[in-house]
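Asks: here is a sequence with its predicted model. Questions after.
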Amino acid sequence: MMSETGRHEETATVAVVGAGLSGLTCASQLVEAGHAVAVFDKSGDIGGRLATRRRPPLRWNHGAPYVQARSESFRAFMKQQQSSGFARAVRLPRGELGFRGSPDMRELLRGVSDSLSINTHTRVTRLRRGAGGWLLRSEEQEIEHGPYAQVVLALPAPQVLALLLASNEVAEDSMIEQLSQVRMVSNWALLLSFEEEVPLLDRLPLDYVVESITREDNGLAYVVRFGSQWSSERIDIERDDMAPILMHTLASRAGEGEKLPKPATVSAHRWRFAESSQPLGEYCLWQPETGLGACGDWCLGAYAEHAFLSGKAMAQAICGEPT
């Protein structure tokens, strides 16, 4: 409902900004605890870095190629997703057990998201504390959403920090200082497809430049992930300009007498905040006096499981439960 002041009045009590694994875990846990929750994301779909690009019949899992579950709670979550048909177990190259989405990585969160109110294509650019609670300014609609009793920022740490600094002292100095200590690295991904399978891609050497080459299930789509140090040095190059650089770097790894065939499609994807190199070292950040929190994999590490554990801890903090 739109008010006369250009405010979108909400019935939800908690706003979660970010529809990746951490944000959706937090939101679903809060809904189970009886809270009304609204989720916002700038993208057109859920997933965050559990990302899939689709061009039927092809798809590219250009974020995390799989997830592993080491903690009891994340193993239970993955088994639940598996029994619901949203995940499948896979044996990884070194023999470990992992999980992939079914049919793609984004589907890992589909069972979690189905019961949630998610506002896609909504970029939150400013927070404001009004008399009735938190108000969220969205760039696209040029309106304020709210009010909410609590706000959770489930975004990469640098984006959380930038949003808080742009919102004029809504966060305590201690939260700003903690966010400033987190370091995140970048990655480039090259998305390719071919008219037929390319066995040469399975033999190319991997190192700190070309980190991994993943062949998707249909065998005609490939995702090449480039290392963080190499990527970070080139992260500000425009994507259209970066695609031929990535392709040349990959092709130069072929041995003498070998040559990659011309791909049917070529696309570059930039992960500016791919993973944390210096995590926070806490499960989440929470200001109980104001009802402002932040969570994400960067709180604990660099893996999907860390995002899940952080989102779960964030919900527990809001509910007043121990982590």
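Replies: In hand now; what should we look at?
Asks: thinking in terms of the whole chain, how far from its middle is stretch 113-128?
Replies: Relative to its chain's centre, stretch 113-128 lies at 14 Å (C-alpha atoms, centre = their mean, to the nearest Å).
Asks: pull the CA atoms of the lengthiest helix in the chain into PDB?
Replies: Counting by DSSP state H, the longest helix found in the chain is helix 304-318. Only the C-alpha atoms of helix 304-318 are listed here, as PDB (Å, rounded to 0.1, in the frame of the first residue of the first chain):
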ATOM      1  CA  ALA A 304      28.500 -21.500   1.200                       C
ATOM      2  CA  GLU A 305      28.200 -23.300   4.500                       C
ATOM      3  CA  HIS A 306      29.600 -20.200   6.200                       C
ATOM      4  CA  ALA A 307      26.700 -18.100   4.600                       C
ATOM      5  CA  PHE A 308      24.200 -20.600   5.900                       C
ATOM      6  CA  LEU A 309      25.600 -20.600   9.500                       C
ATOM      7  CA  SER A 310      25.800 -16.800   9.600                       C
ATOM      8  CA  GLY A 311      22.200 -16.400   8.300                       C
ATOM      9  CA  LYS A 312      21.000 -19.000  10.900                       C
ATOM     10  CA  ALA A 313      22.900 -17.100  13.700                       C
ATOM     11  CA  MET A 314      21.400 -13.800  12.600                       C
ATOM     12  CA  ALA A 315      17.900 -15.200  12.900                       C
ATOM     13  CA  GLN A 316      18.700 -16.600  16.300                       C
ATOM     14  CA  ALA A 317      20.000 -13.200  17.400                       C
ATOM     15  CA  ILE A 318      16.800 -11.500  16.400                       C
END
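Asks: what's that helix packed up against?
Replies: If contacts are counted by 3 or more C-beta pairs under 8 Å, 6 or more residues apart in numbering; DSSP states H and E, helix 304-318 sits against helix 21-32, helix 72-83, strand 150-153, strand 285-287, strand 292-294. For glycine as for every other residue, the C-beta is placed from the backbone atoms N, C-alpha and C.
Asks: and the closest residue to Trp298 other than its chain neighbours, how many neighbours does it have?
Replies: Nearest residue to Trp298, sequence neighbours excluded (C-beta to C-beta, 6 or more residues apart in numbering): Ser276, at 4.0 Å. When neighbours are defined as other C-beta atoms under 10 Å, Ser276 has 22 of them.
Asks: what comes up buried for stretch 55-72?
Replies: Arg59, Trp60, Asn61, His62, Gly63, Ala64, Pro65, Tyr66, Val67, Gln68, Ala69 (16 or more other C-beta atoms under 10 Å).
Asks: now stretch 151-167
Replies: Buried residues in stretch 151-167, counted by 16+ other C-beta under 10 Å: 151-161, 163-164, 167.
Asks: format the residues you listed as TSV; extra columns: distance to Ile245, secondary structure and pLDDT.
Replies: Below are these laid out as TSV (distance: C-beta to C-beta, whole Å; DSSP: H, G, I helix; E, B strand; the rest coil; pLDDT from 0 to 100):
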residue	distance to Ile245	secondary structure	pLDDT
Val151	39	strand	97
Val152	37	strand	98
Leu153	33	strand	98
Ala154	32	coil	98
Leu155	28	coil	98
Pro156	24	coil	98
Ala157	28	helix	98
Pro158	24	helix	98
Gln159	26	helix	97
Val160	31	helix	97
Leu161	30	helix	97
Leu163	31	helix	96
Leu164	34	helix	96
Ser167	37	coil	93
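Asks: pick out the most distant pair among those residues.
Replies: Val151 and Pro158 (18.0 Å; C-beta to C-beta).
Asks: returning to what we had before: phi, psi for the residue nearest to Trp298 please.
Replies: Phi and psi for Ser276, reported as degrees, to the nearest 10, are phi -90, psi 130.
Asks: for Arg123, see how far away it is.
Replies: 22 Å (C-beta to C-beta, to the nearest Å).
Asks: what about Val31, neighbour count?
Replies: By the criterion of other C-beta under 10 Å, Val31 has 18 neighbours.
Asks: which strand or helix spans Trp134?
Replies: Taking DSSP states H and E as the criterion, the element that holds Trp134 is strand 133-138.
Asks: that strand packs against which elements?
Replies: Strand 133-138 is packed against strand 14-17, strand 124-130, strand 143-148, strand 150-153, with contacts defined by 3+ C-beta pairs under 8 Å, 6+ apart.
Asks: now do the buried residues in it.
Replies: Gly133, Trp134, Leu135, Leu136, Arg137, Ser138.
Asks: can you check stretch 192-205 too?
Replies: Buried, per 16+ other C-beta under 10 Å, within stretch 192-205: Leu192, Ser193, Phe194, Val198, Leu201, Leu204.
Asks: got a list of contacts for the strand holding Trp134?
Replies: Under the criterion C-beta atoms under 8 Å, 6 or more residues apart in numbering, residues 7, 15, 17, 40, 122-129, 143-151, 291-292 lie in contact with strand 133-138.
Asks: which of those residues are buried?
Replies: Of the contacts of strand 133-138, these count as buried by 16+ other C-beta under 10 Å: 7, 15, 17, 40, 122, 124, 126-127, 129, 143-151, 291-292.
Asks: that's all I had, so thanks and see you.
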